[in-house]
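Colleague: Pasting the sequence and the predicted coordinates here, then a few questions.
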Number of protein chains: 4
Amino acid sequence: MRVAPTGADRPATNLEAVGAGRLEAFSDGVIAVAITLLVLQIAVPTHLHDHSLAHALLTNWSHYAAYVVSFMTIGIIWINHHAMISRLRQVDHSILLLNLFLLMTIAVLPFATDLIATYLREPAGQSIAACIYAASFLVMSVAFGTLNRHILMRREHLLGKRLPLPERRQILRVSVVGTIPYVAAAGLAFVSAYVTVAICAGVAVYYALPAASRRALVE
Amino acid sequence: MRVAPTGADRPATNLEAVGAGRLEAFSDGVIAVAITLLVLQIAVPTHLHDHSLAHALLTNWSHYAAYVVSFMTIGIIWINHHAMISRLRQVDHSILLLNLFLLMTIAVLPFATDLIATYLREPAGQSIAACIYAASFLVMSVAFGTLNRHILMRREHLLGKRLPLPERRQILRVSVVGTIPYVAAAGLAFVSAYVTVAICAGVAVYYALPAASRRALVE
Amino acid sequence: MRVAPTGADRPATNLEAVGAGRLEAFSDGVIAVAITLLVLQIAVPTHLHDHSLAHALLTNWSHYAAYVVSFMTIGIIWINHHAMISRLRQVDHSILLLNLFLLMTIAVLPFATDLIATYLREPAGQSIAACIYAASFLVMSVAFGTLNRHILMRREHLLGKRLPLPERRQILRVSVVGTIPYVAAAGLAFVSAYVTVAICAGVAVYYALPAASRRALVE
Amino acid sequence: MRVAPTGADRPATNLEAVGAGRLEAFSDGVIAVAITLLVLQIAVPTHLHDHSLAHALLTNWSHYAAYVVSFMTIGIIWINHHAMISRLRQVDHSILLLNLFLLMTIAVLPFATDLIATYLREPAGQSIAACIYAASFLVMSVAFGTLNRHILMRREHLLGKRLPLPERRQILRVSVVGTIPYVAAAGLAFVSAYVTVAICAGVAVYYALPAASRRALVE
């Protein structure tokens, strides 16, 4: 039996049970705010000195680049988050908490984005900023994979529809594979911060591809 | 068969399918945050020097004007976005991604609004700021039209109700017509930034008219 | 027939029709963001000079006062907004636009709140800041009454349940009465800014009273 | 009879009645924005002087610590808020107002978090900042308990399912117990600000434990 995610399934006495619908609504809210706050790191130039506004705006290119990479990455995590939660008919305390941790790793991304945007062009700090940027995505990715594994392997009785073990393993494999490029991106930050940002952008582009093309690349 | 947009239609195993309802909820969230963040570009005067507060507030008139134009424009795109998505009973990966791109063009508007508000009164930078402001609306408008075309022409099997081709073409024509004033506004920025803002305001007023009056004007 | 506000009633081809549910969801989003952004006007003291942090925090009292008054006022407008929209089974273009205008008057309140909080203690600017603060509430209140009148008098065919004319008139009378104190508060700003803020606070307290006590006071 | 929280139960004429669903949606929105705004208190270092970026980032450790403690605390209050509201099938004016007060105590937490993060490392102001931080959580906790008591003891006719008195008392006992550590944390701020933050963190960790472990600790 599928349970409508609108909360119609709310038990009146069980403090621990939350319909998957309200978990989705709250998660959507946090992700929507985080993705929209990204714009605050793009500042309007206030002192032009002897330069034109066009010049001052072009100088800020790293803020636009970081904006696009982070926006697409958070957008894709939102798509994947929906797919993950939609398999559940109900959630328990452990899922709520792991999801809260995942949301925290997403909500912190406006800071990491501001950091890389500010220091990408600065010789001093470039590497550490890039490493933290990639590491933020890595932590988010690991938090996602941990929650996904918990749901599929330890809370399979909460799934809306029983999934055969090979299918669940296949879903998790895709989750795990997604973390590998971020490990590389964080490590390569000390070689070149630009390579780090390029890898993070590449991951976003990869997940933007149609599913068929992606499967062909991974398997 | 119409599918309730509350997610009751969620398939448990298909990573790609998202009920139109959750797409709407997330889009509503991003648009609501973006439209409300617009207020942050209106700063309270902190140094009055020898002037009165009234004088200092009046000096900031461009921030209020830009606020109203952007608020109405985002509000109207929200109305149109609802109309577009409400035709769908389900969404696929391609729709999710084109919608994500559309949301990015909306979420960036608080920056473009701050930019034109800050430079509209400055001889240096006035034209480029106005051009970027109109171009932001243009990109948003093109992103909207692209998604609308994709839904109506390439994903007609996902529509809740089959629409005859002439009707779909008519809907798209309206979308395309909406981009023309922004092209003009961006181009005229180098003649007068005020003309650019006036055109953008005019588009918002036009879409605020009742549908009957609008059709009479366009056709 | 009552229509579920979840959008299950979405017509697939009518560009103008929006289920009351999605209007509520978007309005809730804007109001929730605006009410939460109010906190941004309360700054952490950064330069203590020779004073203690306690002293610096107490000096900021006007920011806390303005926060509480604005938070309660927006909270009450949210409650009233729900009551207004819940009478509708469907909304049309005119309702969408008047609602959008109402949302704009709410979304601008974080600015008005910051303004009065900053200037309430300053001899220069105190009156004009208080006048704008009360005027902001007045405009919001008028926007609310205008939309309410439009719904009850001109769009009665969109109501979920037919209401007898005297009852509709009674609802509107309450709306109109709510604007009077703000007119007084705006006018009295030039006598005393404190009186203005006290009246705005009083309106919030009045609406926080149980309905029975309120009716006893007004009628 | 359970009422769906999507508003399908909206009475058309009663100004006071709001379906529990819309109360939840608005509360979710405010809590989601407040929890996501927490990131704004983590600033990107702008002047490195002679230090490395890594050093500058490490110096900001108190901002990360306060972020994690506040994020987890707001996240847990969201979980508990859901449990509280989900027992209701309908809400009245008094519940709306007490809930609004609770939301105000949550919405102010980004300020309290910024305050403790800024002053935790400063000898001057450390104690008062820590005391206010713990007091903010205490006020939120008392607001929560007050609303919970009101719902369970005075509005039991609005509950979706009748609960026996001992069970309601047990739920309230848990609410009350939750406020005690914050009293201690506020008081101990003048002994050590670090102890205060550690207690607040401890409360968050305690509520993150599975329910069984928690009951074993409390009873």
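Modeller: Looks like it came in fine.
Colleague: CA atoms for contacts and neighbours, from now on please.
Modeller: Will do.
Colleague: What's the separation between the residue in chain A positioned nearest to chain B and A:His81?
Modeller: Nearest to chain B, among the residues of chain A, is A:Arg87, at 4.5 Å (CA to the nearest CA). Distance check for A:Arg87 against A:His81: by CA to CA, to the nearest Å, it reads 10 Å.
Colleague: Please identify which of those two sits among more neighbours.
Modeller: The residue with more neighbours, out of A:Arg87 and A:His81, is A:Arg87; 25 against 21, by other CA atoms under 10 Å in any protein chain shown.
Colleague: Any residue of the helix or strand hosting A:Val195 touching chain D?
Modeller: When secondary structure is defined by DSSP states H and E, A:Val195 falls within helix A:193-208. No: for a cut-off given as CA under 8 Å from any CA of the partner chain, helix A:193-208 has no contacts with chain D; the smallest distance is 14.2 Å.
Colleague: how much distance is there from that helix to the middle of the chain?
Modeller: Helix A:193-208 has its C-alpha centroid displaced from the chain centroid by 13 Å (CA atoms, centre = their mean, to the nearest Å).
Colleague: Likewise for stretch A:125-140?
Modeller: On CA atoms, centre = their mean, the centre of stretch A:125-140 falls 14 Å from the chain's centre.
Colleague: neighbours around the closest residue to A:Ile199 other than its chain neighbours, how many?
Modeller: Leaving aside its chain neighbours, A:Ile199 sits nearest to A:Ala185 (6.0 Å; criterion: CA to CA, 6 or more residues apart in numbering or on different chains). A:Ala185: 28 surrounding residues under other CA under 10 Å.
Colleague: Check what pLDDT A:Ala185 gets.
Modeller: With respect to pLDDT, A:Ala185 has a value of 97.
Colleague: any idea how far it is from A:Tyr133?
Modeller: 9 Å.
Colleague: and A:Met104, what are its phi and psi?
Modeller: The phi/psi pair for A:Met104 (degrees, to the nearest 10) reads phi -60, psi -40.
Colleague: Number of residues surrounding A:His55?
Modeller: A:His55 sits with 11 neighbouring residues when counted by other CA under 10 Å.
Colleague: ditto for A:Ser213
Modeller: Neighbour tally, A:Ser213, other CA under 10 Å: 11.
Colleague: Regarding it, which helix or strand does it belong to?
Modeller: Short version, using DSSP H and E: A:Ser213 is in helix A:211-218.
Colleague: State the mean pLDDT of that helix.
Modeller: The model assigns helix A:211-218 a mean pLDDT of 69.
Colleague: list the buried ones in stretch A:156-168?
Modeller: Residues of stretch A:156-168 classed as buried by neighbour count (16 or more other CA atoms under 10 Å in any protein chain shown): A:Glu156, A:Leu158, A:Leu159, A:Gly160, A:Lys161, A:Arg168.
Colleague: Chain B next: which of these are close?
Modeller: With CA under 8 Å from any CA as the criterion, the buried residues of stretch A:156-168 include A:Gly160, A:Lys161 near chain B.
Colleague: Next step: the buried residues of stretch A:156-168 restricted to helices.
Modeller: Using DSSP state H, the subset of those located in helices is A:Arg168.
Colleague: Filter the buried residues of stretch A:156-168 down to just the ones in strands.
Modeller: Of the positions in the buried residues of stretch A:156-168, not one sits in strands, assigned by DSSP state E.
Colleague: ok so, going back, the residue of chain A closest to chain B against A:Leu159, yeah?
Modeller: Yes: contact criterion CA atoms under 8 Å: A:Arg87 and A:Leu159 qualify, at 5.6 Å.
Colleague: Report the angle between the lengthiest helix in chain A and helix A:193-208.
Modeller: Criterion DSSP H: the longest helix present in chain A is helix A:61-86. Orientation check (axes from the mean of the first three to the mean of the last three CA atoms, to 10 degrees): helix A:61-86 against helix A:193-208 gives 40 degrees.
Colleague: what does the helix holding A:Val195 rub up against?
Modeller: Residues outside helix A:193-208 that contact it (CA atoms under 8 Å, 6 or more residues apart in numbering or on different chains): A:66, A:69, A:72-73, A:76, A:120, A:126-127, A:130-131, A:134, A:178, A:181-182, A:185-186, A:188-189, A:214, B:97.
Colleague: For A:Val108, which non-adjacent residue is closest in space?
Modeller: D:Val39 (5.9 Å).
Colleague: What pLDDT does the model give the one you found?
Modeller: 97.
Colleague: Which elements pack onto the helix or strand hosting the residue nearest to A:Ile199?
Modeller: Per DSSP H and E, A:Ala185 falls inside helix A:180-187. Contacts defined by 3 or more CA pairs under 8 Å, 6 or more residues apart in numbering or on different chains; DSSP states H and E place helix A:180-187 against helix A:126-149, helix A:193-208.
Colleague: buried stuff in stretch A:123-139?
Modeller: A:125-139.
Colleague: Which two of these have the greatest separation?
Modeller: Maximum pairwise distance in the buried residues of stretch A:123-139, criterion CA to CA, is 20.7 Å, between A:Gly125 and A:Val139.
Colleague: Reduced to three states, what does the residue of chain A positioned farthest from its centre come out as?
Modeller: Residue distances from the centre of chain A (CA atoms, centre = their mean) peak at A:Asp50, which lies 40.3 Å from the mean C-alpha position. Here A:Asp50 is recorded as coil under DSSP: H, G, I helix; E, B strand; the rest coil.
Colleague: ok, it to chain C distance?
Modeller: Going from A:Asp50 to chain C by CA to the nearest CA, to the nearest Å gives 32 Å.
Colleague: So which of the helices and strands packed on helix A:180-187 is nearest D:Arg22?
Modeller: Closest to D:Arg22 of these is helix A:126-149 (CA to CA; 28.6 Å).
Colleague: which other helices and strands contact the closest one?
Modeller: Checked by 3+ CA pairs under 8 Å, 6+ apart, helix A:126-149 has helix A:93-107, helix A:109-119, helix A:165-177, helix A:180-187, helix A:193-208, helix D:53-59 packed alongside it.
Colleague: any idea how far that helix is from the chain center?
Modeller: 9 Å.
Colleague: And stretch A:54-64, by the same measure?
Modeller: The answer for stretch A:54-64 is 26 Å, by CA atoms, centre = their mean.
Colleague: Show me which parts of that stretch are buried, residue by residue.
Modeller: Counting neighbours by 16+ other CA under 10 Å, stretch A:54-64 gives A:Ala54, A:Ala56, A:Leu57, A:Asn60, A:Ser62, A:His63, A:Tyr64 as buried.
Colleague: Next: stretch A:43-56.
Modeller: A:Val44, A:Leu53, A:Ala54, A:Ala56.
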